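> The following comprises the amino acid sequence and a computationally predicted model.
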Amino acid sequence: MKTVHLELLLGRVVRDPEGKKAGRIFAVRAEPDGEDCVVTEYLLGTAAMMSRLGISAKRLLGWPIRRKPLSIPWDLLDLRDPKKPRLLCSLAELKGKKG
Amino acid sequence: MKKKLPDELELARDLLDKQVVDRDETKMGRVDGLVLELREGKPPRVDHLEMGSAVLARCIHPRVESWVDALRRRIGVQKTGRYRVPWAAVQEIVPYQVKLDVKAAETPAFAWEHWLRDHVIAHIPRGLKGKAN
Amino acid sequence: MSMKKAATLALGILTSVGGFFDVGAIATSAQAGAIFRYQLLWALALGTILVVFLVEMSGRFAAVTRQALPDAIRQQFGFTSWLVPFVVLTLIHFLTLGAEIGGICFALHLLTGLPVSLWALPVAALVWLFLWRSTFSAIENSTSLLGLITLAFVVAAWRYHPPMGQVLAGMLPTLPHHEPARYGYIAVGLLGAIISPYLFYFYSSGAVEDEWDESYVAVNRGVAVIGMGFGSIISVAAIVVAAMVLAPRGIQVDDYHQAALMLTQVFPFWGFALFAVSMGIACVGAAVELSLAMAYTSAQTFGWNWGENLDPREDARFCLTYTGAILAAALLILFGVDPLKLTLFSMAINALVLPFVALPFLLLMNDRKLLGKHANGWISNAITILTLVVAIVLAVVSIPLMFLGG
């Protein structure tokens, strides 16, 4: 069984097949599915990483958050090497899908 | 037991580092690690939670984890330095707390607690404080 | 206001007597008054304002989230970022605990003439027994009641009729006429003695022990002001008394024996004993707070069961943490470490770790998911940022000063 430790995954840089940096994983969304709990998507970002702390540095200073974190559906991230998560489509395609 | 899980979870925010309690709300420890199982053609699933000093040691450096394991084998307090909690044992997730469908005393999480209670505390005279209320 | 809420004042006074007015405050106040008379009162005033706000925030946090600070820090920021501050804080708390135990031993030495190090193990045993057998409210009530004896300093200060003009002038920062390095060192020590992390961790854990809820937010404000105000007034009095008694004689408080002379003019017969008892009780309060703060912080970081109202059988790791801490700290005194030097050293390095405590605190107090409408307003934030700035300045400045002024 291939396994990945969540705490070692958080903060890793995700790159697309062309080697372009997409961002760092700061959150993993999941939902209960029968007896299991399955991953639905991964959230990437840097300023958005602060949202794990519940606030953002910008909001502390009074600025509204403008950038929404980049979300990668579960089937587009290759975790076979947890130290180097790979986006399975190009960054441009991913952003295009979000419309 | 009926499970009370939210419809949507964020694994880092809702599970990692949260206080773990048992059926009777006794504190057992914290979620020190979480392991996902990768599957072909299916989304990764949460296989188990991890609790224990060996897990924390890994956060410092993987080599520290092997030192902690070696040390533990020498002292021999508990068989493993990590208590693996299968996802099925998770009964309830509320803000900042994860409730398991177990009794703390029956899990490895209390190995140190019980050993200290039986080998150290037992030898010290004490009055009975009990619960204040 | 119900009786139970009125009784929360006890937590405030206990925290103040052990946290605010402890061996560090006694040592630095005596030195401040003896060497610089009223010039360092501004440091005390600044420390008081900051601490009142920080204590109010700690209490508000615990009342609304029903969690203590170390609990929330591990939970919100994760183990990896908390690890280094946790280890450093534990070390500092350990050294400070040694200083407080040294203070109790010195007080007993003053009363009996027996050497300080002889008292180390008996004192450790008594403090330990107190924690082992008592519930949290018993500890709160007895220590705060006994802590009222420190009012002896206020009585003495009042009876000396200090020049009020100079006292008030001292509340504003001025440059020293002589020995600037020493001035800086004592100022850093004074602020470090007052703004101690163990104070907030203890207070927030105590609020959880006392089962505060959101309805306590209002009374917490009063407790923070009255409680910390109490400690502050005692410390101001200590500086004034030192200025009036020690400074004219050129006594520089290189030794606790010299500080003990402070009350002897006003209370010729009892002065020595009053100083000793006040110091002893303040240090017992501090030793209790420190050892419990260490146990609370460890237990909450690792998720163990904890609570002074539980029988030790139910929270073995928590109880053995404070037991081990008290024993190890007592060994420092047993092996002859000088209590005054230990005190001044721990006050100075306490200043070094403050920024690492102030920053997570700032983030937590602004977290609307945790605190809702009780999150910090702009005044509280301004004070916390000021604390962070002061903490960084203290940290940077304390290192060279330790070598120049210590």
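Okay, I see it.

> C:Ala237: what's it in contact with?
C:153-154, C:156-158 (C-beta atoms under 8 Å, 6 or more residues apart in numbering or on different chains). Heads up, the C-betas are built off the backbone N, CA and C, glycines and all.

> In chain C, which residue sits nearest chain A?
Scanning chain C for the residue nearest chain A gives C:Asp367, at 4.0 Å (criterion: C-beta to the nearest C-beta).

> so that residue sits right up against C:Ala375, yeah?
Yes: between C:Asp367 and C:Ala375 there is a contact at 6.6 Å, judged by C-beta atoms under 8 Å.

> With chain B in mind, check whether stretch C:308-323 reaches it.
Yes: judged by C-beta under 8 Å from any C-beta of the partner chain, stretch C:308-323 comes into contact with chain B at C:309-313, C:316-317, C:319-320.

> and C:His257, how many neighbours?
13 (other C-beta atoms under 10 Å in any protein chain shown).

> and if you look at the one 10 residues further on?
A total of 16 residues lie near C:Phe267 under the criterion other C-beta under 10 Å.

> May I ask which of the contacts of C:Ala237 has the most neighbours?
C:Phe153 (28 neighbours).

> Show me where chain B has its helices.
Along chain B, counting by DSSP state H, helices occupy B:11-14, B:53-60, B:62-75, B:111-119.

> wait, which of the ones you listed is closest to A:Pro17?
Minimum separation from A:Pro17 across the helices of chain B (C-beta to C-beta) falls at helix B:11-14, 25.8 Å.

> Report the rounded mean pLDDT for the closest one.
When pLDDT is averaged over helix B:11-14, the result is 88.

> do it and chain A meet?
Yes: using C-beta under 8 Å from any C-beta, a contact is recorded between helix B:11-14 and chain A, made by B:11-13.

> any chance you could map the helices in the stretch 151-300 of chain C?
For the stretch 151-300 of chain C, the helices defined by DSSP state H, counting those that start in this stretch occupy C:151-159, C:164-169, C:180-194, C:197-209, C:217-245, C:256-259, C:271-302.

> so after the longest one, what's the next helix or strand?
Looking back up the chat, that one is helix C:271-302. Next helix or strand after helix C:271-302 toward the C-terminus (DSSP states H and E): helix C:316-334.

> Now do residue 86: how many residues are near it, please.
You didn't pick a chain, so chain A it is. 16.

> That was the other one, I meant chain B.
Residues near B:Pro86, counting by other C-beta under 10 Å, number 11.

> For it, which non-adjacent residue is closest in space?
Leaving out its chain neighbours, the residue that sits closest to B:Pro86 by C-beta to C-beta, 6 or more residues apart in numbering or on different chains is B:His48, at 5.0 Å.

> Show the contacting residues for that neighbour.
Taking C-beta under 8 Å, 6+ apart, we find B:His48 in contact with B:34-35, B:84-87.

> just to revisit the earlier point, adding neighbour count, write the residues of helix B:11-14 next to chain A out as TSV.
Shown next, in TSV, are the residues of helix B:11-14 next to chain A (neighbours: other C-beta atoms under 10 Å in any protein chain shown):
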residue	neighbour count
B:Leu11	22
B:Ala12	22
B:Arg13	22
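
> Buried members of the residues of stretch C:308-323 next to chain B into PyMOL, please.
Typed into PyMOL, the line below selects the buried ones among the residues of stretch C:308-323 next to chain B, using 16 or more other C-beta atoms under 10 Å in any protein chain shown:
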select buried, chain C and resi 309+310+312+313+316+317+319+320
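
> Relative to C:Ser380, which of the residues of stretch C:308-323 next to chain B is nearest.
Closest to C:Ser380 out of the residues of stretch C:308-323 next to chain B is C:Asn309 (30.4 Å), distances taken as C-beta to C-beta.

> Please, where are all the strands along the chain?
Since no chain was named, I'll use chain A. Secondary structure of chain A (DSSP state E): strands at A:2-5, A:13-15, A:21-33, A:36-44, A:70-73, A:77-78, A:86-87.

> To clarify, I was referring to chain B.
Taking DSSP E, the strands of chain B run over residues B:9-10, B:19-21, B:27-30, B:33-39, B:42-51, B:83-86, B:90-94, B:97-100.

> And chain C, is the third one touching that?
Okay, so that is strand B:27-30. Yes: Strand B:27-30 lies within reach of chain C by C-beta under 8 Å from any C-beta, at B:27-30.

> pLDDT weak spots in the chain?
With no chain named, the answer covers chain A. Low-confidence regions of chain A, defined by pLDDT under 70, span residues A:46-67, A:97-99.

> try again with chain B
Low-confidence segments of chain B, defined by pLDDT under 70: B:1, B:76-81, B:127-133.

> near chain A, which residues of it?
Applying C-beta under 8 Å from any C-beta, one finds that chain B approaches chain A through B:3, B:5, B:7-13, B:16, B:32-38, B:42-47, B:58-59, B:87-88.

> residue nearest the centroid of the chain?
Since you didn't name a chain, this refers to chain A. The centroid of chain A falls nearest to A:Leu43 when counting by C-alpha atoms, centre = their mean (2.8 Å).

> ah, I was thinking of chain B
By C-alpha atoms, centre = their mean, the most central residue of chain B is B:Met51, 3.5 Å off.
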